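Asks: Please find the sequence and the predicted model below.
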Amino acid sequence: MAELSAVRQELRNRNLSSSFGESRCTSPQKDEQQKLAVPFCGGIRGGLRPGKKITIMGVVNADPDSFDISLTCGCEDVALDMCVRFEDREILRNACVSDSWGEEERSIPYFPFIAEQPFRVEIHCEHPRFLVLVDSHQLFDFYHRVTPLTSIDTIQISGGVTITKLN
């Protein structure tokens, strides 16, 4: 987690691109072939709410150790921290509320990510939980620990992936 904290601090100090329409950012829709730089940090316009979906499309790097996708409240609470670890073929999930990490979840029915292969992650915000699908197959549920949902207004992506589309 210390490595992830260092990446988050680096993201706070940089002015990175976002596909969610913050005034300082460039939208990838302007050039469909544009690759989104990783580490990536971008705003989620209006925050999350039940019915809203985030889609992340990308390609796993050739020799990945890990990658992380986090939904945060700006630079404060972490509503969902999804850490994909290739060596152990696991996906760790957690949340950090008021500087306190909760209980980590790691049970998954299968490990969907393969080096040098494309993927599509969908994070559906539902009333009680996030529903996460990879390549249209349900991978896990993560019940909300951060409220209100509208305060979840930032997405951060780091690690061994190339992002090709985010919306």
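Replies: Great, that's in hand.

Asks: State the distance from the residue most central in space within the chain to Asp135.
Replies: In the chain, the centroid-proximal residue (Cα atoms, centre = their mean) is Ile69; its distance is 2.5 Å. With distances taken as Cβ to Cβ, to the nearest Å, Ile69 is found 15 Å from Asp135. To be clear about C-beta, it is placed using only N, CA and C from the backbone, and glycine gets the same treatment.

Asks: for Cys83, same thing?
Replies: 19 Å.

Asks: neighbour-wise, which of the two wins?
Replies: Cys83 (21 against 13; other Cβ atoms under 10 Å).

Asks: how far away is the residue nearest to the centre of the chain from Leu166?
Replies: Counting by Cβ to Cβ, the gap from Ile69 to Leu166 is 10 Å.

Asks: and Val84, helix, strand or coil?
Replies: Val84 carries the three-state label strand when classified by DSSP: H, G, I helix; E, B strand; the rest coil.

Asks: Is it in contact with Ser66, as I believe?
Replies: Yes. Judged on Cβ atoms under 8 Å, Val84 makes contact with Ser66 at a distance of 5.9 Å.

Asks: if I look at those two, which residues touch both of them?
Replies: Gly159 (Cβ atoms under 8 Å, 6 or more residues apart in numbering).

Asks: and the two? which has more neighbours close in?
Replies: Val84 (24 against 19).

Asks: which residues touch the more buried one?
Replies: Per Cβ under 8 Å, 6+ apart, neighbours of Val84: 66-69, 91, 113, 159.

Asks: Which of those ranks first by neighbour count?
Replies: Result: Ile69 is most packed of the contacts of Val84 (other Cβ under 10 Å), 25 neighbours.

Asks: partners of the helix or strand where that one lies, with directions?
Replies: Here Ile69 sits within strand 66-72, counting by DSSP states H and E. Using DSSP bridges, strand 66-72 pairs in its sheet with strand 78-85 (antiparallel), strand 154-159 (antiparallel).
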